[in-house]
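S.K.: here is my input, please return the structure:
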Amino acid sequence: MIHGVQVIDTAEMYGDGNAERLVAHAIKPYNREELFLISKVLPSNASKKQIPVSVENSLKRLNTDYVDQYLLHWRGPIPIEETIEALEKVKSQDKIKSWGVSNLNVDDLEKIMKLPDGIKCESNQVRYNLGDRGIEFDLMPMMNKLEMPLIAYAPVARGDRLGTNLTKQKVLKEIAKKHHATIFQILLAWCIRNGQTIAIPQSSKTAHVIDNVKAAEIQLTQQDLRQIDSVYPKPSMKQPLALW
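M.R.: Numbers count the residues shown, from 1 in each chain. Here you go, the predicted model:
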């Protein structure tokens, strides 16, 4: 493990494959079996013909024999039935240990669950943070019922997206001070508060990565959560899935 971090998320799209090469370099000194690597296939490559090619290319770039979880990056023109069939085939070859999806909403998951191998979908990676709480209305309850883990990208929302400068938000400042933490650590702690969410914050600095890891030690109180809800309320109606 790297400072206690086991999950590393990447994709064939990131940097045209260079992100996977960078991950390979970063994990080289560590025990591969202690890490959980996630990569993603582009929708244009999510066919029976192309998924095996994409998987092989990712494995070469990552310098590993297998990926722990392989996700469909978002829905595209290729039928989801074909994509799942291809994912199951590469899984049977031990090139991926499991598969999931990304940026899929309730309707898409309902369709997947009706397919013979749909129940084998092991995660959904979506944008989730204080400024993007829409999934709490219907998608998150559905995933909880299915016992499907949520992988939250962009868990530390940008201030402009929330309509305020987070570092100056009074409630967040008070809660951060109470827990001897930074506001960004509070945002991460909030995101993973239910124990069923994996947050994958992006950072290019070692110190920030270590700070992010420490956020897992913060236990927000019910009072903290009520204060946060008063500023960033839960959704009261269905909302479009937040993207990017």
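S.K.: what comes up buried for stretch 23-35?
M.R.: Buried residues in stretch 23-35, defined by neighbour count with 16 or more other Cβ atoms under 10 Å: 23-24, 27, 35. (Each C-beta comes from the backbone N, C-alpha and C, glycine too.)
S.K.: next one: the most centrally placed residue in the chain relative to Y70, how far apart?
M.R.: Nearest to the geometric centre of the chain sits I151, at 2.9 Å (Cα atoms, centre = their mean). Distance of I151 to Y70, given as Cβ to Cβ, to the nearest Å: 13 Å.
S.K.: overlap in contacts, the two.
M.R.: Shared contacts of I151 and Y70 (Cβ atoms under 8 Å, 6 or more residues apart in numbering): 38, 100.
S.K.: ok, back up a step: wait, the residue nearest to the centre of the chain touches I38, no?
M.R.: Yes: at 7.4 Å, I151 counts as touching I38 under the criterion of Cβ atoms under 8 Å.
S.K.: what mean pLDDT would you report for stretch 120-129?
M.R.: Mean per-residue pLDDT for stretch 120-129: 97.
S.K.: now do it: distance to the chain's middle.
M.R.: In terms of Cα atoms, centre = their mean, to the nearest Å, the centre of stretch 120-129 is set 6 Å apart from its chain centre.
S.K.: same deal with stretch 85-101?
M.R.: Chain-centre distance of stretch 85-101: 18 Å, with Cα atoms, centre = their mean.
S.K.: please put the alpha-carbon coordinates of that stretch into CSV.
M.R.: Taking Å, rounded to 0.1, in the frame of the first residue of the first chain, the C-alpha atoms of stretch 85-101 are listed here in CSV:
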residue,chain,number,x,y,z
GLU,A,85,-20.4,-10.1,-22.9
ALA,A,86,-17.0,-8.8,-23.8
LEU,A,87,-16.2,-7.9,-20.2
GLU,A,88,-17.2,-11.3,-18.9
LYS,A,89,-15.0,-12.9,-21.5
VAL,A,90,-11.8,-11.0,-20.5
LYS,A,91,-12.7,-11.7,-16.9
SER,A,92,-12.9,-15.4,-17.5
GLN,A,93,-9.3,-15.1,-18.9
ASP,A,94,-8.2,-13.4,-15.6
LYS,A,95,-7.2,-10.3,-17.3
ILE,A,96,-9.6,-8.3,-15.2
LYS,A,97,-10.9,-9.5,-11.8
SER,A,98,-14.2,-7.6,-12.0
TRP,A,99,-16.0,-4.9,-14.0
GLY,A,100,-18.2,-2.0,-13.5
VAL,A,101,-19.5,1.2,-15.1
